[in-house]
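K.L.:
Starting from these lines, generate the structure:
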Amino acid sequence: MPRVALRQKHRINCSSSDLEEYFRISIAVPFLDDFLSQMELRFNDHKSTVSALHKLIPSICASSDFGEDDFKVYAHFLDLTTLSSELNLWINKWQYKEGPSSALEALTFCRQSSYPNVHVLLKILATLPVTTCTPERTFSSLRRLKTYLRNSTGEERLTGLALMSIHRDVLIITKKVINRFAAEKIRRLEFVI
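P.N.:
As a prediction, the model looks like this:
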């Protein structure tokens with residue numbers, strides 16, 4: 001049983017007869033409260049912008065009302081003179097039909113020639129990142145390389161190998177590599193193709 005002091009300065013002093021209740025009151029509830037307040041603080045500014053974009057999804061847009069002011073943040077990507085008419089056409093298109101329920105599905109049904117502004121807004125909604133895994137992938141690749149190579153490579157070679165591992169989806173054209181290697185001429189024998 002956790003101790004209960006008369007005067008405690010640095011820890012929560014809750015009177016509880018049950019160990020589970022004590023830890024829930026002293027640790028779990030403050031943690032969850034702090035976590036929720038941090039999430040609210042971090043994402044509150046973007047909430048209205050994302051919710052306005054979310055209204056463009058056809059399964060939601062028939063019951064939603066929005067105006068041009070909702071998309072002022074993206075004004076440099078849009079033609080604001082035609083935006084309101086496009087939004088009305090987009091809503092009318094899905095008013096009596098069963099529409100897609102995600103941004104990617106809606107993007108496939110949105111013809112860019114008919115709805116250029118709505119298409120841009122749906123692309124923005126579909127590509128808004130929740131999180132990015134690029135730094136984590138970079139660090140794990142570098143850790144794997146260092147484990148494999150230890151101290152047998154120099155800094156320049158390690159950088160090159162790390163870039164190759166991180167950007168493994170980039171297509172390497174062999175002829176370009178050979179031509180660049182042949183043009184450097186930093187070797188004892190001449191490179192013959």
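
K.L.:
Pass me the low-pLDDT residue ranges in this protein, would you?
P.N.:
1-15, 43-48, 62-64, 66-68, 129-139, 141-142, 144-155, 187-193 (pLDDT under 70).

K.L.:
Domain map for it?
P.N.:
13-130, 135-184 (the TED database).

K.L.:
for the protein, what spans make up the strands?
P.N.:
Ranges of strands within the chain: none, based on DSSP state E.

K.L.:
top helix in it by residue count?
P.N.:
helix 29-54 (DSSP state H).

K.L.:
now for it, which elements pack on it?
P.N.:
Packing partners of helix 29-54 (3 or more CB pairs under 8 Å, 6 or more residues apart in numbering; DSSP states H and E): helix 116-127. Yep, even glycine has a C-beta here, placed from its N, CA and C like the rest.

K.L.:
any idea of the angle the helix it packs on forms with helix 29-54?
P.N.:
Relative orientation of helix 116-127 and helix 29-54, computed by axes from the mean of the first three to the mean of the last three CA atoms, to 10 degrees: 160 degrees.

K.L.:
Quick check: buried residues in helix 116-127?
P.N.:
Pro116, Asn117, Val118, His119, Val120, Leu121, Leu122, Lys123, Ile124, Leu125 (16 or more other CB atoms under 10 Å).

K.L.:
now for these, which pair is the farthest apart?
P.N.:
Pro116 and Leu125 (15.2 Å; CB to CB).

K.L.:
Give me the distance between the residue nearest to Pro100 when sequence neighbours are not counted and Phe31.
P.N.:
Nearest non-adjacent residue to Pro100, counting by CB to CB, 6 or more residues apart in numbering: Ala106, 4.6 Å away. Shown here: Ala106 relative to Phe31, a distance of 38 Å by CB to CB, to the nearest Å.

K.L.:
what do you get for Val120?
P.N.:
Taking CB to CB, one finds Val120 at 41 Å from Phe31.

K.L.:
if you count what's nearby, which of Ala106 and Phe31 comes out ahead?
P.N.:
Between Ala106 and Phe31, Ala106 has the larger neighbour count (other CB atoms under 10 Å), namely 24 against 10.

K.L.:
right, and the more buried one touches Lys123 too?
P.N.:
No: with contacts counted by CB atoms under 8 Å, Ala106 stays clear of Lys123, the gap being 10.3 Å.
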